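>>> The amino acid sequence is not available; the structure is as follows:
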């Protein structure tokens, strides 16, 4: 029926208005719904994935901000992007960079925290506030994810960045006729874990 206007979480949607992504506002591309919101409230799957990544560690990573429908795990949100099997995060300790191999999940987080404490000389009882500087997968946008609850998102970003870096290095090696051997060079250092000197990690 023409002329009907719906109100969705304080957003006015007229049925004569072309559908657009509620995140990027573009009318182009495939728009889908990953929740229980009305059919008119759609978005690009990649936009939702990037939105959830930026909101890592919050309720909006796990569920729709409008209808509270639970999403699938964030780790499954970027199926089109390759990931390295052995990603690396860089830990900046008083100006010295340390490449730390990382794994996902709670066990991986615990191992990484142990490396942080060892390199900073922190005891088990000392609290560590942490922030990860990452590139949003599929974009060039850098964001800061704060707190240990963001570890899995940061790990995923590291895996994607390392895979992309490996591809670029392979292209450069091919162009150079194999003159540079050894693969990754330094481009695995793409997801940065900032030190207390940069006010990104503090021990209280």
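Arrived safely. Owing to the predicted nature of the structure, the values given are computational and were not obtained by experimental measurement.
>>> Can you list the residue ranges for strands in this structure?
Assigned by DSSP state E, the chain shows strands spanning 5-8, 11-14, 88-93, 96-101, 128-129, 131-135, 142-146, 192-193, 202-203.
>>> Please parse the protein into its domains.
Annotated domains of the chain cover 1-80, 88-203 [automatic domain parsing].
>>> With mean pLDDT and mean neighbour count as added columns, please give these in a markdown table.
Where you see a C-beta, it was placed from the backbone N, CA and C, and this is true even at glycine. Formatted as a markdown table, those follow (pLDDT from 0 to 100; neighbours: other C-beta atoms under 10 Å):
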| stretch | mean pLDDT | mean neighbour count |
| --- | --- | --- |
| domain 1-80 | 79 | 14 |
| domain 88-203 | 76 | 16 |
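>>> got the phi/psi numbers for the residue lying closest to residue 31 once chain neighbours are set aside?
Excluding the flanking residues, the one nearest residue 31 by C-beta to C-beta, 6 or more residues apart in numbering is residue 42, at 3.9 Å. Dihedral pair for residue 42: phi -120, psi 170, per degrees, to the nearest 10.
>>> pretty sure residue 132 contacts residue 154?
Yes - if you go by C-beta atoms under 8 Å, residue 132 and residue 154 touch, sitting 3.8 Å apart.
>>> Does residue 22 touch residue 48 like I think?
No - using C-beta under 8 Å, residue 22 makes no contact with residue 48, being 9.3 Å away.
>>> For the chain, which segments are assigned as helices?
45-54, 59-62, 105-120, 151-175 (DSSP state H).
>>> Would you mind measuring from residue 121 to residue 87?
Using C-beta to C-beta, to the nearest Å, residue 121 is found at 25 Å from residue 87.
>>> ok, the residue nearest to residue 31 to residue 27 distance?
Taking C-beta to C-beta, one finds residue 42 at 11 Å from residue 27.
>>> Which neighbours do those two have in common?
Residues touching both residue 42 and residue 27 (C-beta atoms under 8 Å, 6 or more residues apart in numbering) are 19, 21.
>>> got a list of what residue 42 touches?
19, 21, 22, 31, 32, 33.
>>> Quick check: residue 71 touching residue 36?
No - counting by C-beta under 8 Å, residue 71 stays clear of residue 36, with 11.4 Å between them.
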